[in-house]
Every structure is written in C-alpha cells, then in structure tokens.
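Enquirer: need a structure here:
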Amino acid sequence: MKKQDFLKVISNNLIAKNIFKMCLVCGCDLEFIPGQFLNIKIDGFYLRRPMSICDFENGIITIVYKIVGKGTEALSKISKGNKLDVIFPLGNGFDIKKSYDNITIIGGGVGLAPLYFLFKTLKKMNKKVIVYAGFRTLSEIFFEEEFSSIGEFIISTQDGTKGNKGLIIDILDKDCDYYFTCGPALMMESVRKILGQNGQFLLEERMACGFGACMSCVCKTKFGAKRVCKEGPVFFANEF
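Expert: Numbers count the residues shown, from 1 in each chain. Model (predicted):
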C-alpha cells in the first residue's frame, strides 16, 4: 500500500564525489522490502525523482543518490529540517523468501545503494552472503565501512586506486547458488552471462508517476512489456 506524506529531512550529507546520503523521518507503521523505492517531489520540478531505499531502521529511511542533473543537484541543497513530499513505498522488492545457501550481491557505482538494505536483511536471516562492489575510482567509493561491518565486502576500481584493479565482473566467484545485482545495464548483463539465470536485477529507470499509470518506464522482457515502477523495479534474470 503506497502512502503520500511530508517527510522531515534529518540529514543530507556529501559522502563521496557527487554522492549524497539523505535520511528522512518516517512516522508510519508501513513495512519496507529491500528493492523498493520512494518518489520525491522537488520544488521547481514538475516530475518527481525516484530514489531507491538504501536502508530503513528505527523509523528512518535512508537514500543514497548521485548528482546527475538539475533535479538531484537541487535535492543535494535541501537542508536539515525541511520536509519533502514523498510517495512511498513503491515497486516490488527483492524476493528473498527462498532458501539459498550461498548468495552473491553485485553492485556497480551508486547502484550499490539499495543493496545495503538487502545485505542487512539477508545477514539477519543468517545467510552466507558476499558483496562485490565496483567503482570507477577511489573518490566515488561509499559505504565501505557500513558494508564491511556486516560481512564480506570486496571492492574493485577501474583505475586501481582501491581494491582490485579493473571491472568487478572480472573477479566474480562463479561458485554461488543465487545472486542479486544493481548497477549499469552492461554490468548487469555481464553478471547474467557469467552467473546464469539464477538471480534478480534491480533496474533504475527514469519515470514519472512511479506507480504504473503513465507508462513512461516500460522495459522489454521475454514475457512482454513491463513497467519498471509497477512490475519492477526488481526482475528475475530469466525474464531477459
């Protein structure tokens, strides 16, 4: 069930190059599933901005976003104490009901953000999980300490300034029962080719309404056209 409310900003801080972490107070009893998202109204912009939920704990929603245009730049300038018009929670999250013994999580760039909530949730379920995170360079790395405090976290950078040098797909361990991934489309397609169909993708697309009415975020699957905001943003690998 989606809800529209004004949520108070309690922090909005730069945590890496052009990457911000914002925390919002959510005074409601709704449950959130890893992989779901918010749709945020920013003053001066007609369309809302969809933001994956990075974490939810003790009534606090955390999002991590990158400045990629005027909308996210305006969002980065919003100060503590302001309130944002937010529709939440939206979309279908990750399916984590099945029992997997050996799980791999693969994130690329800011696509790593929604995988933090997933990682925490799986570890609370006593799952064996390893996280691979790929970045372009050291200055763009975020949440290294947060992930590492929970479990095994492996970093690669394209320029070798941190961790393994090269692409994250070059060092993936193929010995896993299941995987979850979010990041650039080419990275996720490469993950599917390497690890097979036994996994789930979180797609991040431009959208308007966020709940399936406008049809602006339709993607093609083997089973026909599907809306990223409504049928997704999480899809099974065998749908592509």
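Enquirer: counting neighbours, what do you get for the closest residue to Lys8 other than its chain neighbours?
Expert: Computed as Cβ to Cβ, 6 or more residues apart in numbering, the closest residue to Lys8 that is not its neighbour in sequence is Val25, at 4.6 Å. Backbone N, C-alpha and C define where each C-beta goes, glycine included. Using other Cβ atoms under 10 Å, Val25 is surrounded by 14 other residues.
Enquirer: what do you get for Asp43?
Expert: Number of residues near Asp43 (other Cβ under 10 Å) recorded here: 9.
Enquirer: is it in a helix, a strand, or coil?
Expert: Here Asp43 is coil, with the state taken from DSSP: H, G, I helix; E, B strand; the rest coil.
Enquirer: next one: stretch 81-101 to chain centre, how far?
Expert: Computed by Cα atoms, centre = their mean, to the nearest Å, the chain-centroid distance of stretch 81-101 equals 9 Å.
Enquirer: got it, and stretch 184-203?
Expert: Relative to its chain's centre, stretch 184-203 lies at 14 Å (Cα atoms, centre = their mean).
Enquirer: re earlier: which pLDDT value belongs to the residue nearest to Lys8?
Expert: Model confidence at Val25, given as pLDDT, is 96.
Enquirer: next up, the contacts around it.
Expert: Going by Cβ atoms under 8 Å, 6 or more residues apart in numbering, Val25 touches 7-8, 10, 59-61.
Enquirer: make a PyMOL selection of the buried ones in the residues you listed.
Expert: Typed into PyMOL, the line below selects the buried ones among these, using 16 or more other Cβ atoms under 10 Å:
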select buried, resi 7+61
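Enquirer: can you lay out the contacts of Val25 as JSON lines showing secondary structure, pLDDT and distance to Asn18?
Expert: Compiled in JSON lines, the contacts of Val25 are given as follows (DSSP: H, G, I helix; E, B strand; the rest coil; pLDDT from 0 to 100; distance: Cβ to Cβ, whole Å):
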{"residue": "Leu7", "secondary structure": "strand", "pLDDT": "97", "distance to Asn18": "23"}
{"residue": "Lys8", "secondary structure": "strand", "pLDDT": "97", "distance to Asn18": "24"}
{"residue": "Ile10", "secondary structure": "strand", "pLDDT": "98", "distance to Asn18": "22"}
{"residue": "Gly59", "secondary structure": "coil", "pLDDT": "92", "distance to Asn18": "28"}
{"residue": "Ile60", "secondary structure": "strand", "pLDDT": "95", "distance to Asn18": "23"}
{"residue": "Ile61", "secondary structure": "strand", "pLDDT": "97", "distance to Asn18": "21"}
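Enquirer: tell me the one among the contacts of Val25 nearest to Gly93.
Expert: Taking Cβ to Cβ as the measure, Gly93 lies nearest Ile61 of the contacts of Val25, at 13.8 Å.
Enquirer: would you mind confirming that the closest one makes contact with Met51?
Expert: No - using Cβ atoms under 8 Å, Ile61 makes no contact with Met51, being 9.3 Å away.
Enquirer: pLDDT weak spots in the chain?
Expert: Residue ranges of the chain with pLDDT under 70: 1.
Enquirer: ranges for the helices of this protein?
Expert: Assigned by DSSP state H, the helices in the chain fall at 70-76, 113-124, 144-148, 185-195.
Enquirer: deepest of those, which one?
Expert: Most buried of the helices of the chain, by mean neighbour count (mean count of other Cβ atoms under 10 Å): helix 113-124, with a mean of 22.
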